[in-house]
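> I would like to see how this sequence folds:
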Amino acid sequence: MNDLAGNDPGAARGCPVAHHGTDPARLYGPDLAIDPVGVQERLRKEHGPVAPVLLEGDVPAWLVLGYRDIRRVLDHPRQFTRDARIWRDRREGRVADTSPLVPMLGWRPDCVSQDGEPHRRLRGAVTDGLQAAAGRGVRRHATHFANKEIDAFADTGRADLVSDYAEYLPMLVITRVLGLPEAEGRDLVESCAQVLKGGEDAVTHDIRIQEILGALVVRKRSEPGSDLTTALLAHPARLDEEEVVSHLRLVLIAGHTTTSNLLARVLQLVLTDTARLSGLISGRLNVSAVVEEVMWNSPPLAVLPGRFATSDLEIGGHRVQEGDLLVLGLAAGNRDPEIRPDPGVSVQGNQSHLAFSGGPHECPGRNIGQAVIEIAVDVLLHRLRDLRLAVPPDELSSTASTWETRLDRLPVEFST
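Next up, the predicted model:
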């Protein structure tokens, strides 16, 4: 709508209409929370493989929905950088420091926020640290904490496998890897969830995470141990304290939220399919095959933040301007009818899904997450006899935010 002077106020402010030339849909709010797949498939139908959207605060972005277009963005950092310092809306003051988008999209001195040589230097340190941590007993930690979490409800005959198991187990393993005490790991679950959920508390929780990790770094300088924090501090790449904290934050948030979400979805699939459940219990079916199926159909991050166009270009039939934000619809890309015309066909053995991102920024901790999930499922199925859903499958619900769709609850019963 024009103002009284007959001018378009959006053109002056750089609003989404001015950026995209059309009315974008909101990638947040009640419609998305209830039916994220419906929202994204409507956008695909209306706009094709790339659609204009609004993020929280009505910040404009392009949602990339097509599988091949997502691969193009991931594989070409010179065209689509992860460096948010060129994000035009933030650079021109339309995204405040208090925006819930900043914890997910803002620039930090970590490997995710940079490309080229700075990225290689920092990612090498993280990869080395994670490999060393995995070699020092991630599976042992996962087995220990899986049994400990199950002990808390094993005598009751019932549990919610989201709030009693999947939400906490990955965090307990990750905090052990980082060198944090168990109690702090349990406290950090809520903060990580709030950062992904967004809203007015996202920045507050993000600051809390950084304060806890900053104190950890100070402690590990004088009390080194066999943990990721010590490994980053001692790495030949010579990370400074801010870089170490930023990478610990990255591993904590990304590792916990994706692994807990994926674990919940794997358990949901197993418990709503008696053939899969009996196959896992008998050993005829491998957990990794179930994990692979879930990564195709319910990737733990539905939308990946974010990339920024380094020049004016065309993608998916749309003109994108230098400094525009693009967010990548990993779930929608995995459903792209151009590559999966029949989504009912088995994807077993096909690892070309988008769940781990791709290109230079592909997730470096994928093996650790998968190991945690495999141990978590194996221990659960062997500890609890006659494990079964306590509600009909169609009563299971999910809630979506901009970046993820999480299972609300997974109530089960079992024999004691």
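> State the distance from the closest residue to residue 401 other than its chain neighbours to residue 403.
Excluding its sequence neighbours, the residue lying closest to residue 401 (Cβ to Cβ, 6 or more residues apart in numbering) is residue 197, at 4.9 Å. (Each C-beta comes from the backbone N, C-alpha and C, glycine too.) According to Cβ to Cβ, to the nearest Å, residue 197 stands 9 Å off from residue 403.
> more crowded one of these two?
The residue with the greater number of neighbours, taking residue 197 and residue 403 and applying other Cβ atoms under 10 Å, is residue 403; the counts read 23 against 18.
> Assess the claim that the more buried one and residue 299 are in contact.
No: shown here, residue 403 and residue 299 do not form a contact pair, counting by Cβ atoms under 8 Å, at 11.0 Å.
> Can you mark which positions in the helix ranked longest in the chain are buried?
Taking residue count as the measure and DSSP state H as the definition, the longest helix of the chain comes out as helix 241-271. Residues 243-271 are the ones in helix 241-271 that count as buried (16 or more other Cβ atoms under 10 Å).
> swap in stretch 405-416?
So, applying 16+ other Cβ under 10 Å, buried residues of stretch 405-416: 405, 406, 407, 409, 410, 411, 412, 413, 414.
> for stretch 48-68, same thing?
Along stretch 48-68, these residues count as buried under the neighbour rule (16+ other Cβ under 10 Å): 49-56, 59-67.
> for stretch 300-312, same thing?
If you call a residue buried by 16+ other Cβ under 10 Å, then stretch 300-312 has these buried ones: 300, 301, 302, 303, 304, 305, 306, 307, 308, 309, 310.
> now for it, what's the gap between its first and last residues?
Terminal residues of stretch 300-312 are spaced 31 Å apart (Cα to Cα, to the nearest Å).
> ok, how many other residues are close to residue 396?
The number of residues packed near residue 396 is 17, by other Cβ under 10 Å.
> rewinding a little: report the two of the buried residues of stretch 300-312 separated the most.
Using Cβ to Cβ, these reach their maximum pairwise distance at 300 and 310, which is 28.1 Å.
> Show me where the stretch 1-150 of the chain has its strands.
Ranges of strands within the stretch 1-150 of the chain are 25-26, 50-55, 59-64, 80-81, based on DSSP state E, counting those that start in this stretch.
> How far off centre is the third one?
By that I understand strand 59-64. Computed by Cα atoms, centre = their mean, to the nearest Å, the separation of strand 59-64 from the middle of its chain amounts to 18 Å.
> what's that strand packed up against?
If contacts are counted by 3 or more Cβ pairs under 8 Å, 6 or more residues apart in numbering; DSSP states H and E, strand 59-64 sits against helix 16-20, strand 50-55, strand 325-329.
> just to revisit the earlier point, the residue nearest to residue 401 and residue 400 touch, don't they?
No: with contact defined as Cβ under 8 Å, residue 197 does not count as touching residue 400 (10.1 Å).
> Mutual contacts of the two, please.
Shared contacts of residue 197 and residue 400, defined by Cβ atoms under 8 Å, 6 or more residues apart in numbering, are absent.
> low-confidence ranges in the stretch 1-150 of the chain?
Scanning the stretch 1-150 of the chain with the threshold set as pLDDT under 70 gives 1-22.
> Was I right to think residue 77 contacts residue 362?
No: Residue 77 sits out of contact with residue 362 when judged by Cβ under 8 Å, with a separation of 11.9 Å.
> Please say which of the two ends up with more neighbours.
The neighbour count for residue 77 versus residue 362, taken as other Cβ under 10 Å, is higher for residue 77 (19 against 11).
> Look up phi and psi at the more buried one.
Its backbone dihedrals place residue 77 at phi -60, psi -20, with angles given as degrees, to the nearest 10.
> Next up, the contacts around it.
By Cβ under 8 Å, 6+ apart, the contact set of residue 77 is 115, 116, 359, 360, 361.
> got a list of what the last one touches?
Same thing as residue 361. Taking Cβ under 8 Å, 6+ apart as the definition, contacts of residue 361 comprise 74, 77, 82, 111, 112, 119.
> Number of residues surrounding the last one?
Around residue 119 there are 19 other residues, counting by other Cβ under 10 Å.
> show me what contacts the closest residue to it other than its chain neighbours?
Closest residue in space to residue 119, ignoring its immediate chain neighbours: residue 111 at 5.3 Å, by Cβ to Cβ, 6+ apart. If a contact means Cβ under 8 Å, 6+ apart, then residue 111 has 118, 119, 122, 123, 126, 247, 250, 361 as its contacts.
> Run a quick neighbour tally on residue 147.
Taking other Cβ under 10 Å as the definition, residue 147 ends up with a neighbour count of 14.
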